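Engineer: the sequence and its predicted three-dimensional model are supplied below.
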Amino acid sequence: MQKTKIAPFVKWAGGKRQLLTHIRERMPEKFNTYYEPFVGGGAVLFDLLPDNAVINDINKALINAYRQIGTSPDEFLDVVNKLDDEMWDDGKKYYYHIREKYNDKLMRQEYDVELAAMLVFINKHCYNGLYRVNAQGLFNVPYNNSRRGSVDAESILEVSKYLKNVTILEGDFEDACHLAKEGDFVFLDSPYAPLNPTSFESYTKEGFDVESHIRLARLFDELTERGCFCMLTNHNTEFINELYGNKGYRMDVVSVKRMINSDANNRVGEEIIICNYQGR
């Protein structure tokens, strides 16, 4: 398998590409099954390429894309290439036309290969590659004025080969970890805790609120008791430190650039990497 050709097929808020070196440095030396309950764009999954993996996300449209690419890569490529080829002279008008069709399919719950292709198309042609929905769960990010191709066909085919051996789940993060046991490695990259304690942003209509973060911290403790290796990343905030501090966990703070922020002055910050083991 050509590892160099395997790469995320979507850009996702909170993606961990710039943290990959820090994550690799803190990996357990050996583990059994790899679990990623908040897979998002899959930056960590596609970098590590574990032999045995279970991935999950609560975003149904995203998980549909993983499943369609895993099972029907040629059909997926046919549809997404057609979307690119048919792009009108007025790219903005075409983008909003496809976005409306995508939302119509979401409303009808048509989770098929066409929806997967549309998701990848709008992800590559929307502002900052941001997946954001309104209260009704409909995608509402504006056009980014790009006319570039949506995918690299060779990369999609290699990703598909890898995903054929990955267990792909869709649902709550606790359910995704139900079978995790001693010796398994669980990488937890939940939606960020807010830098401003009065605001939470959601990337699915279900959202991820304060109680969800508290529930995740309880799961981290429970997985630790089971003997799982756990690594969690988030903003380095007082809230996160309160949830995980004073428990003997390794807590490393690293500097990052925050790409999804309209104010360039606010694009430098800190993230925290929390492990329940000491690593290498």
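Structural biologist: Yep, that arrived. Residues are numbered from 1 along each chain as shown.

Engineer: now the strands for the stretch 151-280 of the chain?
Structural biologist: 166-170, 185-188, 229-235, 250-257, 268-275 (DSSP state E, counting those that start in this stretch).

Engineer: give the pairing partners of the third one; include direction for each.
Structural biologist: To tie it back to what came earlier, the one meant is strand 229-235. Sheet pairing of strand 229-235 (DSSP bridges) gives strand 185-188 (parallel), strand 268-275 (antiparallel).

Engineer: can I get the strands of the stretch 151-280 of the chain in a markdown table with mean pLDDT and mean neighbour count?
Structural biologist: In short, each C-beta sits where N, CA and C put it, glycine included. As requested, these are exported to a markdown table (pLDDT from 0 to 100; neighbours: other C-beta atoms under 10 Å):
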| stretch | mean pLDDT | mean neighbour count |
| --- | --- | --- |
| strand 166-170 | 98 | 18 |
| strand 185-188 | 98 | 23 |
| strand 229-235 | 96 | 23 |
| strand 250-257 | 91 | 13 |
| strand 268-275 | 91 | 17 |
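
Engineer: just to revisit the earlier point, right, so of the strands paired with strand 229-235, which gets closest to His178?
Structural biologist: His178 lies closest to strand 185-188 among these, at 11.5 Å (C-beta to C-beta).

Engineer: now the strands paired with strand 229-235 as a markdown table including distance to Ala135?
Structural biologist: Putting those into a markdown table (distance: least, C-beta to C-beta, whole Å) gives the following:
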| stretch | distance to Ala135 |
| --- | --- |
| strand 185-188 | 27 |
| strand 268-275 | 28 |
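
Engineer: for Asp89, find the nearest of the ones you listed.
Structural biologist: Proximity to Asp89 (C-beta to C-beta) singles out strand 268-275 among these, at 39.5 Å.

Engineer: how close does Asp209 sit to Phe239?
Structural biologist: Distance, Asp209 to Phe239, using C-beta to C-beta, to the nearest Å: 12 Å.

Engineer: between these two, tell me which one has more neighbours.
Structural biologist: Neighbours per residue (other C-beta atoms under 10 Å) separate Asp209 from Phe239, with Phe239 holding more: 15 against 12.

Engineer: now that one: closest residue in space, sequence neighbours ignored.
Structural biologist: Ala193 (5.1 Å; C-beta to C-beta, 6 or more residues apart in numbering).

Engineer: pull the number of nearby residues for that neighbour.
Structural biologist: Counted with other C-beta under 10 Å, residues neighbouring Ala193 total 21.

Engineer: ok, it - contacts?
Structural biologist: Shown in contact with Ala193 (C-beta atoms under 8 Å, 6 or more residues apart in numbering): 213, 234-235, 237, 239-240.

Engineer: related to what we said a few turns ago, out of the strands of the stretch 151-280 of the chain, which is closest to Lys82?
Structural biologist: With respect to Lys82, and counting by C-beta to C-beta, the nearest of those is strand 166-170 at 24.8 Å.

Engineer: how about the helices of the protein, start to end?
Structural biologist: For the chain, applying DSSP state H gives helices covering 20-25, 43-48, 60-71, 73-85, 91-107, 113-125, 153-163, 173-176, 210-226, 238-244.

Engineer: can I get these in TSV including distance to Gly137?
Structural biologist: Formatted as TSV, these follow (distance: least, C-beta to C-beta, whole Å):
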stretch	distance to Gly137
helix 20-25	31
helix 43-48	25
helix 60-71	9
helix 73-85	22
helix 91-107	7
helix 113-125	13
helix 153-163	25
helix 173-176	19
helix 210-226	17
helix 238-244	26
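
Engineer: from these, which stretch is densest packed?
Structural biologist: Using mean count of other C-beta atoms under 10 Å, the stretch among the helices of the chain with the largest mean neighbour count is helix 113-125, at a mean of 23.

Engineer: alpha carbons of that one, as PDB, please.
Structural biologist: The C-alpha trace of helix 113-125 is given here as PDB (Å, rounded to 0.1, in the frame of the first residue of the first chain):
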ATOM      1  CA  VAL A 113     -22.700   7.600  -3.000                       C
ATOM      2  CA  GLU A 114     -24.100  10.800  -4.500                       C
ATOM      3  CA  LEU A 115     -24.400  12.400  -1.100                       C
ATOM      4  CA  ALA A 116     -20.800  11.400  -0.300                       C
ATOM      5  CA  ALA A 117     -19.500  12.900  -3.600                       C
ATOM      6  CA  MET A 118     -21.500  16.100  -2.900                       C
ATOM      7  CA  LEU A 119     -20.100  16.300   0.600                       C
ATOM      8  CA  VAL A 120     -16.500  16.100  -0.700                       C
ATOM      9  CA  PHE A 121     -17.300  18.600  -3.400                       C
ATOM     10  CA  ILE A 122     -18.800  21.300  -1.100                       C
ATOM     11  CA  ASN A 123     -16.000  20.700   1.400                       C
ATOM     12  CA  LYS A 124     -13.400  21.500  -1.200                       C
ATOM     13  CA  HIS A 125     -15.300  24.500  -2.500                       C
END
